[in-house]
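Trainee: Predicted coordinates and the sequence they were generated for:
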Amino acid sequence: MTKSTVQKMNMPVRPPKEVEVPMKFHQSLMTRVILIFLLVFLSSGDVWAQSARARGMGGAFLGVSNDESATYYNPAGLSQIQGREASLQLKVNERDYFQWGSAAFTGHIYEDEPKDQFSITDYLEHNVLEEPLPRRPKYSYGVAYTQDTRKPGFGDMVGGEFKGVTREVDELQLAFGTRFPIARRMLAREQLFGGVKFNFRNTDRWIRSLGTHAKRNTQSMGIGLMYHYNDRITGGLTVDNLVQHISGDDEDIRDGVSLNLGGALRLTKGTLISGDVYNVTTANRAQSQQYRLGVEKKFIENDLTMRMGTWNGTLTLGFGMHLLPNLRFDYAFYNGDIVKEHYVAGHLTFD
């Protein structure tokens, strides 16, 4: 074997130039696939609770929605609220890598003063029923703003493709509700409420391992209905993402339209049981189907309230306490697999 032959055998083999192009192509394709996967997972309706009270009840609030958080859960519930309400919600633990906060407010445009004419319904309500109906809202409105930040430490705890991922969500929600004039049974007080919700969400994601930044702006509209069969039984229905517009990265990806159902049963004056099913139709690209169940029990002349629930199999606990007649403090615990979450809230009522 000649010396020149040995040198040729020891020379490093350089791949043909045409092989390098497919390798780069596959790398860029894989990067895009991972980015799209993260985009879908992290921005498809993951801000799923706006109220410490509802969190304590396992998030089962579609058929209740009788406070300012109806702006998020079921806009039809806004018109069953009496007076104006405001709240401030905050996640208090592990805030170095998981921050969450929300503020909400609701108000009403009331019906005109009753006219001077005879009405059987008004006569029954004011002379036969023990508790006549108070002044009723004609139109109701609500606004809620939420910030949700998951830093790389949270992604590292989740593991896998989420290592080193930072995600920031700013979400603004506007909702409007009204009561439909339907024939009511004399003593059942049968009522039907309807509402519409507009959602504006800005999502920013930084993927440390890939060195990429993705931004997505989403505007969507949903509707809600709430039916009061009587003073004890109510039902709720919402349809999310009926209309949706997306701008920014991966504009072709849409969150799916989902149908959600809920109901509430008031066993006694101070005991409430509620249950919800999210994404009944198991729509593609919508959040996976969830089952939620909650119980709320009031004590000490309604000054103390205990709550318990299950959020798709995860335990939730909570309580509420009236510090003043119009000021309530709420606490909720969510026994998450990644982080054990603790929330506090202040709830204020007006008029």
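Mentor: Perfect, thanks for sending it. Residues are numbered from 1 along each chain as shown.
Trainee: show me where pLDDT drops low in this protein?
Mentor: Flagging of the chain using pLDDT under 70 yields the residue ranges 1-49, 111-136, 182-189, 209, 250-252, 283-287.
Trainee: Which residue ranges of it form strands?
Mentor: Per DSSP state E, the chain carries strands over the ranges 85-91, 98-110, 137-150, 165-180, 191-207, 212-228, 233-248, 258-268, 271-278, 290-299, 304-311, 314-324, 327-335, 340-349.
Trainee: Out of those, which is closest to Thr71?
Mentor: strand 137-150 (3.3 Å; CB to CB). Quick note: C-beta positions are derived from backbone N, CA and C, even for glycine.
Trainee: buried residues in that closest one?
Mentor: Neighbour counts using 16 or more other CB atoms under 10 Å place 137, 140-146, 148-150 of strand 137-150 among the buried residues.
Trainee: same question, stretch 220-239
Mentor: By 16+ other CB under 10 Å, the buried positions in stretch 220-239 come out as 220-228, 234, 236-239.
Trainee: Centre of the chain to that stretch, how far?
Mentor: Offset of stretch 220-239 from its chain centre (CA atoms, centre = their mean, to the nearest Å): 16 Å.
Trainee: How about stretch 155-163?
Mentor: 23 Å.
Trainee: With only the CA atoms kept, save that stretch in PDB.
Mentor: Taking Å, rounded to 0.1, in the frame of the first residue of the first chain, the C-alpha atoms of stretch 155-163 are listed here in PDB:
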ATOM      1  CA  GLY A 155     -41.300  25.300  32.300                       C
ATOM      2  CA  ASP A 156     -38.400  23.400  33.700                       C
ATOM      3  CA  MET A 157     -40.700  21.800  36.300                       C
ATOM      4  CA  VAL A 158     -43.100  20.700  33.600                       C
ATOM      5  CA  GLY A 159     -40.100  19.300  31.600                       C
ATOM      6  CA  GLY A 160     -39.900  18.000  28.100                       C
ATOM      7  CA  GLU A 161     -40.400  20.600  25.400                       C
ATOM      8  CA  PHE A 162     -41.400  23.200  27.900                       C
ATOM      9  CA  LYS A 163     -37.900  23.600  29.500                       C
END
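Trainee: if we can go back for a sec, out of the buried residues of stretch 220-239, which is nearest to Asp255?
Mentor: Ser220 (7.2 Å).
Trainee: and the residue nearest to the closest one when sequence neighbours are not counted, what is it in contact with?
Mentor: Take Ser220 and drop its neighbours on the chain: the residue closest to it by CB to CB, 6 or more residues apart in numbering is Gln244, 4.4 Å away. By CB atoms under 8 Å, 6 or more residues apart in numbering, Gln244 lies in contact with 218-221, 254-255.
Trainee: still on that earlier bit, out of the buried residues of stretch 220-239, what pair is the most spread apart?
Mentor: Ser220 and His228 (27.3 Å).
Trainee: The contacts of Gln244: which two are farthest apart?
Mentor: Among the contacts of Gln244, the pair separated by the greatest distance (CB to CB) is Met221 and Arg254, at 13.1 Å.
Trainee: Which neighbours do these two have in common?
Mentor: With contacts defined as CB under 8 Å, 6+ apart, the residues shared by Met221 and Arg254 are 241, 244.
Trainee: Could you count how many residues lie near Glu341?
Mentor: Per other CB atoms under 10 Å, the neighbour tally for Glu341 reads 19.
Trainee: in the sheet, who's paired with the closest residue to it other than its chain neighbours?
Mentor: Computed as CB to CB, 6+ apart, the closest residue to Glu341 that is not its neighbour in sequence is Tyr334, at 4.2 Å. Using DSSP bridges, the beta-bridge partners of Tyr334 come out as Thr316, Glu341.
Trainee: So the residue nearest to Ser220 versus Leu324, what's the distance?
Mentor: Per CB to CB, to the nearest Å, Gln244 is found 42 Å from Leu324.
Trainee: Tyr343 too?
Mentor: 21 Å.
Trainee: Just list the residues touching the residue lying closest to Thr218 once chain neighbours are set aside, thanks.
Mentor: Excluding its sequence neighbours, the residue lying closest to Thr218 (CB to CB, 6+ apart) is Arg201, at 4.6 Å. Neighbour list for Arg201: 43, 47, 169-172, 217-220 [criterion: CB under 8 Å, 6+ apart].
Trainee: just those residues now: which is nearest Ala76?
Mentor: The nearest one, if we look at the contacts of Arg201 relative to Ala76 and count by CB to CB, is Ser220, at 17.1 Å.
Trainee: Many thanks, we can stop here.
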